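Q: What follows is a predicted protein model with its sequence.
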Amino acid sequence: MNLLNALNEALKEGFEKAGLDPEYAKVTVSNRPDLAEYQCNAAMALAKVLHASPISIAEKVIPYLKENGVFSKAEAVMPGFINLDVSPSFLARFAASMSTAASFGANVETKPKKIIVDYGGPNVAKPLHIGHLLSAIIGESIKRILLFMGNDVIGDIHLGDWGLQFGLIIEELKDRKPDLPYFDPGFKGEYPEEAPFTLTELEEIYPAASSRSKTDEAFLARAHEATYRLQHRDPATLALWKHIMHLSIADEKKLYDRLDVHFDLWCGESDAGPYVPEVVGIVKETGLARMSEGALIVDVAEESDTREIPPCIILKSDGAALYQTTDLATLIMRMRNWQPDELIYITDKRQELHFTQVFRVAKKTGIVKEETVLKHIGYGTMNGKDGKPFKTRTGGVMRLETLIQEIEDAVREKMRDRYEESELSDEIVSQVALSAIKYGDLSNQARKDYNFDIDRFASFEGNTGPYVLYNIVRIKSILSKAGGCGSDAFSTDFLPLDAPGMKALLLKLAGFSDMMDAAYEDLAPHRICQYIHELSDAFSSFYHDTPILKETDEDKKKSLIGLLALVKRVLETCIGLLGFTAPEKM
Ligand code: ARG
């Protein structure tokens, strides 16, 4: 149920009646909004075929365009444009049918695709920092968009849980607590259930070990050996790894919950480990691999490449697997366990080359089928307000927890100007803060770098999350004052279609499905942000000019309330797709 389709259909009908080829009938949003809402440029193209002047062709269709009640204005203007306005009563009926349709009439898939979204990607035992924020926020929104459009979606966090950080922690621990059974080669019993360290200790051990490894070469070599032992499943090392995983994941879960980000799978690189030998086997068997300076590599460059794509390294000369190898192994695992039609990865755009290499090897070797869709969405850098890389006041990398806290503080401070202290519950503050962060991040086109400006994001005015929430809450309050009516369907008979701002509001509402098509096609949450900003504005000016609660005609009032209820439902659905919710009051 798309507005543009409906308009095109009406236009086609007019073309047919005028004896013109309906294939040419196509409306576009007018590039002169001061003259018309929509336009059709077909007469120019038809003129060449029919050897007639464009304006005469345009004029021929006009009488037929006003017949079916879709257009309230149809005009031919020089040199041959057809200018169109949509009729308010058609729009009202369109909006009313949205209110009873499933998913507001969006073009959901009739054949759901199975899609794995790989996002979040934190590295276990290292504190979550803002670099991982965008992947979580963008990924969660994309997952929700795919689900809304009727697909079968699996979100996988893909933990970095098989790397050197474990070797570093384990060797540091060995120096600090050498008497633990894990470090006794003769130990035969069961390793303890309880971890030999707390989360707080762990948070101190990793950075200490990491900085030690920068100057202490022997220590770094030991950490590499421990990592090797882990990857070859040495029982003592594996037992320590489990403790670290347990503590660290429990902590990460709390943070993701706070961000309202939820994963269906908590798989990680470690789960792909067993498939690494298979990757090596496949690249060798298919004859695609070759040795280069002791390393096993696959050439992936293609003639059409506009920049150099170096070979994909599968095994280093010391036999170690790399990030690429793990991703190929993960693909084998995913294809075998879930048979997805599509896989979408969300990371920093600096990983673009990595995914180009992995995808090419996967296709060439048949690890994924030719028709399996592989996509990488690379996002830009989140900078501070000053446009420089985001840092803490002391210049360090900012932890996600600190960032969230700072935003909540800023939001609370801003809300103090408007609300009584007693109205500022923690829950409301965190809901508003989340809208500020997520809307701020998502309203930017993912690929672009942008400046994270807490002050601007948390503002109740302008293109922000809190502004949208504020409007939803306003509608909620109108609905409750009106006695909660606002049934799913509303009568269009009593809408004051000539009321100021009414048409603009109906036009925005009716554009929902067209917008969703675009957001889905491009996997672009920023389109939803733009839409709800415009819809909020349209509601706000309509409400400003049209007294609804004071309306004395009961039918009219009911109809208006029904319309606002639809605006609210659409806005709430949209913020749900972005990953946040609105409070009852604010
Ligand atoms: N852990 C990785 C990082 O921090 C991100 C993982 C992304 N997903 C993937 N399948 N490679 O950079």
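A: It's in.
Q: Please count neighbours and contacts with C-alpha atoms only from this point.
A: Noted.
Q: The stretch 51-200 of the chain: strands as residue ranges?
A: In the stretch 51-200 of the chain, the strands defined using DSSP state E, counting those that start in this stretch lie at 71-77, 81-86, 114-118, 152-156.
Q: Adding mean neighbour count, write those strands out as CSV.
A: Conversion of the strands of the stretch 51-200 of the chain to CSV gives the following (neighbours: other CA atoms under 10 Å):
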stretch, mean neighbour count
strand 71-77, 18
strand 81-86, 22
strand 114-118, 23
strand 152-156, 20
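Q: nearest to the ligand, of those?
A: With respect to the ligand, and counting by CA to the nearest ligand atom, the nearest of the strands of the stretch 51-200 of the chain is strand 114-118 at 5.9 Å.
Q: What are the contacting residues of the closest one?
A: 139, 143, 151-158, 339-346 (CA atoms under 8 Å, 6 or more residues apart in numbering).
Q: Likewise for stretch 178-188?
A: The contact list for stretch 178-188, computed with CA under 8 Å, 6+ apart, reads K174, Y191, P196, A236, T237, A239, L240.
Q: returning to that earlier point: buried subset of the contacts of strand 114-118?
A: 139, 143, 151-158, 339-346 (16 or more other CA atoms under 10 Å).
Q: ok, then the element right after the helix or strand where I249 lies?
A: Assigning secondary structure by DSSP states H and E places I249 in helix 235-258. Scanning the chain past helix 235-258 towards its C-terminal end, the next helix or strand to appear is helix 269-272 (assignment: DSSP H and E).
Q: Of the buried ones among the contacts of strand 114-118, which are in range of the ligand?
A: The overlap between the buried ones among the contacts of strand 114-118 and the neighbourhood of the ligand (criterion: CA under 6 Å from any ligand atom) consists of H158.
Q: I figured L4 hits V27, correct?
A: Yes. Judged on CA atoms under 8 Å, L4 makes contact with V27 at a distance of 7.2 Å.
Q: L265: what's it in contact with?
A: Contact analysis of L265 by CA under 8 Å, 6+ apart lists I154, G155, D156, I157.
Q: The residue in the stretch 1-150 of the chain positioned nearest to the ligand and E406: what is the separation?
A: Minimum separation of the stretch 1-150 of the chain from the ligand (CA to the nearest ligand atom) falls at G121, amounting to 4.1 Å. Between G121 and E406 the computed distance is 23 Å (CA to CA, to the nearest Å).
Q: Now do the same contact list for the closest residue to I437 other than its chain neighbours.
A: In space, I437 comes closest to F457 once its chain neighbours are excluded; the distance is 6.8 Å by CA to CA, 6 or more residues apart in numbering. F457 makes contact with A436, I437, Y439, G440, T464, G465, P466 under the criterion CA under 8 Å, 6+ apart.
Q: Restricted to helices, list those.
A: Helix and strand membership here follows DSSP state H; of the contacts of F457, those in helices are A436, I437, Y439, G440, G465, P466.
Q: And the strands in the stretch 351-500 of the chain, which stretches?
A: Taking DSSP E, counting those that start in this stretch as the criterion, the stretch 351-500 of the chain carries its strands at 373-379, 382-383, 450-451.
Q: These into a markdown table, with extra columns for mean pLDDT and mean neighbour count?
A: Formatted as a markdown table, these follow (pLDDT from 0 to 100; neighbours: other CA atoms under 10 Å):
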| stretch | mean pLDDT | mean neighbour count |
| --- | --- | --- |
| strand 373-379 | 97 | 19 |
| strand 382-383 | 86 | 18 |
| strand 450-451 | 86 | 19 |
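Q: between those, which gets nearest to D251?
A: Between D251 and these, the tightest spacing by CA to CA is seen for strand 382-383, at 23.8 Å.
Q: What is the closest one packed up against?
A: Contact here means 3 or more CA pairs under 8 Å, 6 or more residues apart in numbering; DSSP states H and E; on that basis strand 382-383 packs against strand 450-451.
Q: Need the contact partners of the strand it packs on.
A: Where contact means CA under 8 Å, 6+ apart, the residues beyond strand 450-451 that reach it are G380, T381, M382, N383, G384, K385, D386, G387, N444.
Q: run the last query once more with 6 Å
A: Residues from elsewhere that reach strand 450-451, judged by CA atoms under 6 Å, 6 or more residues apart in numbering: M382, N383, G384, K385, G387.
Q: what sits against the fourth one?
A: Contact partners of K385, counting by CA under 6 Å, 6+ apart, are N451, F452, D453.
Q: And the second one, by the same measure?
A: With contact set as CA under 6 Å, 6+ apart, N383 has these partners: P389, F390, Y450, N451, F452.
Q: Let's have these in JSON lines, adding distance to S89.
A: Listed next are the contacts of N383 as JSON lines, based on distance: CA to CA, whole Å:
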{"residue": "P389", "distance to S89": "51"}
{"residue": "F390", "distance to S89": "51"}
{"residue": "Y450", "distance to S89": "42"}
{"residue": "N451", "distance to S89": "43"}
{"residue": "F452", "distance to S89": "43"}
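Q: hmm, back to that, could you redo the strands of the stretch 51-200 of the chain as a markdown table and give each row mean pLDDT?
A: Rendered in a markdown table, the data for these read as follows (pLDDT from 0 to 100):
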| stretch | mean pLDDT |
| --- | --- |
| strand 71-77 | 94 |
| strand 81-86 | 95 |
| strand 114-118 | 98 |
| strand 152-156 | 98 |
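Q: The stretch 1-150 of the chain against the ligand: which residues are in contact?
A: With CA under 6 Å from any ligand atom as the criterion, the stretch 1-150 of the chain comes near the ligand at residues D118, G121, P122, N123.
Q: which pair in those spans the largest distance?
A: Checked with CA to CA, these reach their widest spread between D118 and N123, with 13.8 Å between them.
Q: Having no further points to raise, I will conclude here.
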